[in-house]
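A.B. asks: Need a 3D model of the following:
(one chain, ligands or ions: 2)
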Amino acid sequence: MNWAIETQNLRRVFRGGTVRRLWRRKSAQNGNGETVALDAVDLQVKPGELFGLLGPNGAGKTTLLKILSTLLLPTSGTATVDGIDVAKDPERVRKRINMVSGGEHSGFGILTVRETIWMFAQFYGVPGRVVRERADRMMDILGLTEFAETKVSKLSTGTRQKMNIIRGFVSAPRILYLDEPTLGLDVAVAREVRSFVRAWVDEHPERSIILTTHYMAEADSLCDRVAIIDRGRVRACDTPANLKRDWAPECVYRIEIPLWTQGGHPLDDLDVVRSADVEHHGDRGRTNLRVILENGDGIGAVTERLSQRGVAALSVSRLEPTLEDAFLNLVGHGLAASEEKGR
Ligand SMILES: Nc1ncnc2c1ncn2[C@@H]1O[C@H](COP(=O)(O)OP(=O)(O)OP(=O)(O)O)[C@@H](O)[C@H]1O
Ligand SMILES: [Mg+2]
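C.D. replies: Ligands and ions are numbered 1, 2, ... in the order given. Below is the predicted model:
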């Protein structure tokens, strides 16, 4: 079987330049002012898979998608798409792929939605009749039919992004890259886009999608497998369920107590508490603690400490681990935290 995507020891280094200085993380730079965007990346994506790339800003996700779509060359290592080497035979790769990025302004404002979709389909040599059929069907599913003759410059962000999505799918690529496809979309539009994407993969088991996202719940509900990338390296790659099982701390509790006004929280000197988030709700006279414990036995010590301090536990519930818990455990920080540490 050909993998839809396979990378072996893939590395990409950016040298010098002032481009994107603001984005560049100290962590990714070596002593020569080079940025190692991807480092020894080994990934395999199966045909029929909806595969997610999760990682903090600057992790290397877009760089990876650009290499897989032949917009950038690897510095070393190999990447194949449908068995074809992206560096050796980019033309053949391009016939099999398409890419849509969130927040992009593709096309020309003076063209209508239908004209824009038609124009991009021409780049891929899709016959006019087929374009019309596909575009009509997809516009119908995404609720875009009423905008078919509207000029692109008049579209809202959400409607324009739906058009971009259709532009990506209209060439019926074997492999589609979606770089933050739901960026900036409202909840309802994001949901429509997600269900469209999922249905497309389910209807065509020989096709694959790789998407990047910063929305953990999106990756969890949508993707068959997820690779968590940080500073150019794959930290873990598995189904969302397995990532949660293996990497999310198992013992997360939500404890509601009367409003805590003494600063910090009442469990701050307890060994079994690995970390606690505190949320005050002055209007309701409540404080919510989200507590991560070293292990399940620790909850006894927690309730004991609360009663020692005369704090009533109004409710205690155990939370299911989320992909975000797994992510934070693996990556260990957000962007700001890593910048502070100067890593
Ligand atoms: N053209 C470029 N020139 C120099 N450095 C670059 C260039 N493109 C990306 N980089 C650097 O490579 C690293 C990876 O960037 P990339 O855009 O792939 O990250 P990302 O995971 O897509 O981040 P985000 O979540 O912010 O989109 C970053 O340190 C970035 O600054
Ligand atoms: Mg990116």
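A.B. asks: Now do the strands in the stretch 201-343 of the chain.
C.D. replies: For the stretch 201-343 of the chain, the strands defined by DSSP state E, counting those that start in this stretch cover 208-212, 225-230, 233-238, 252-258, 273-281, 286-293, 315-319.
A.B. asks: which one of the ones you listed is the most hemmed in?
C.D. replies: strand 208-212 (a mean of 26; mean count of other Cβ atoms under 10 Å). For the C-beta atoms, the positions are set from N, CA and C on the backbone; glycine is no exception.
A.B. asks: what residue is smack in the middle of the protein?
C.D. replies: T213 (1.9 Å; Cα atoms, centre = their mean).
A.B. asks: Is K162 in a helix, a strand, or coil?
C.D. replies: Per DSSP: H, G, I helix; E, B strand; the rest coil, the secondary structure class of K162 is helix.
A.B. asks: can you check G125 too?
C.D. replies: Applying three-state DSSP: G125 is coil.
A.B. asks: so what pLDDT did it get?
C.D. replies: pLDDT for G125: 91.
A.B. asks: quick revisit: could I get the strands of the stretch 201-343 of the chain as TSV with mean pLDDT and distance to M139?
C.D. replies: Compiled in TSV, the strands of the stretch 201-343 of the chain are given as follows (pLDDT from 0 to 100; distance: least, Cβ to Cβ, whole Å):
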stretch	mean pLDDT	distance to M139
strand 208-212	97	20
strand 225-230	97	30
strand 233-238	97	35
strand 252-258	94	43
strand 273-281	91	43
strand 286-293	93	43
strand 315-319	92	41
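A.B. asks: out of these, nearest to E34?
C.D. replies: strand 233-238 (15.8 Å; Cβ to Cβ).
A.B. asks: tell me how far that closest one is from the chain's mean position?
C.D. replies: On the basis of Cα atoms, centre = their mean, to the nearest Å, strand 233-238 sits 13 Å off its chain's mean C-alpha point.
A.B. asks: ditto for stretch 179-197
C.D. replies: On Cα atoms, centre = their mean, the centre of stretch 179-197 falls 12 Å from that of its chain.
A.B. asks: secondary structure element for T63?
C.D. replies: For T63, the enclosing helix or strand under DSSP states H and E is helix 61-68.
A.B. asks: Any residue of that helix touching ligand 1?
C.D. replies: Yes - using Cβ under 6 Å from any ligand atom, helix 61-68 reaches ligand 1 at 61-63.
A.B. asks: Keep only those residues that also lie close to ligand 2.
C.D. replies: Restricting the residues of helix 61-68 next to ligand 1 to those within reach of ligand 2 (Cβ under 5 Å from the ion) leaves 61-62.
A.B. asks: re earlier: could you export the helix holding T63 as PDB, keeping only the C-alpha atoms?
C.D. replies: Extracted in PDB, the C-alpha atoms of helix 61-68 (Å, rounded to 0.1, in the frame of the first residue of the first chain):
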ATOM      1  CA  LYS A  61       2.800  23.000  10.900                       C
ATOM      2  CA  THR A  62       2.500  25.400   8.000                       C
ATOM      3  CA  THR A  63       6.100  24.600   6.900                       C
ATOM      4  CA  LEU A  64       5.200  20.900   6.800                       C
ATOM      5  CA  LEU A  65       2.000  21.600   4.700                       C
ATOM      6  CA  LYS A  66       4.000  23.800   2.400                       C
ATOM      7  CA  ILE A  67       6.600  21.100   1.800                       C
ATOM      8  CA  LEU A  68       3.900  18.500   1.200                       C
END
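A.B. asks: about what we covered before: nearest residue to the residue nearest to the centre of the chain in space, please, no chain neighbours.
C.D. replies: Spatial nearest neighbour of T213, excluding adjacent residues (Cβ to Cβ, 6 or more residues apart in numbering): A219 at 5.5 Å.
A.B. asks: Would you confirm that that neighbour contacts L50?
C.D. replies: No - judged on Cβ atoms under 8 Å, A219 makes no contact with L50 at a distance of 9.9 Å.
A.B. asks: Spit out the contact partners of the residue nearest to K46 when sequence neighbours are not counted.
C.D. replies: Spatial nearest neighbour of K46, chain neighbours left out: A4 (6.2 Å); criterion: Cβ to Cβ, 6+ apart. A4 is in contact with 45-49, 81-82, 174-175, 208, counting by Cβ atoms under 8 Å, 6 or more residues apart in numbering.
A.B. asks: so which pair among those residues is furthest apart in space?
C.D. replies: G48 and V81 (15.0 Å).
A.B. asks: Please name every helix or strand in contact with the longest helix along the chain.
C.D. replies: Longest among the helix segments of the chain by residue count, using DSSP state H, is helix 187-203. For helix 187-203, the helices and strands in contact under the criterion 3 or more Cβ pairs under 8 Å, 6 or more residues apart in numbering; DSSP states H and E are strand 50-54, helix 128-141, helix 157-169, strand 208-212, helix 216-222.
A.B. asks: between these, which one is nearest to T150?
C.D. replies: So among these, helix 157-169 is nearest, using Cβ to Cβ, at 8.1 Å.
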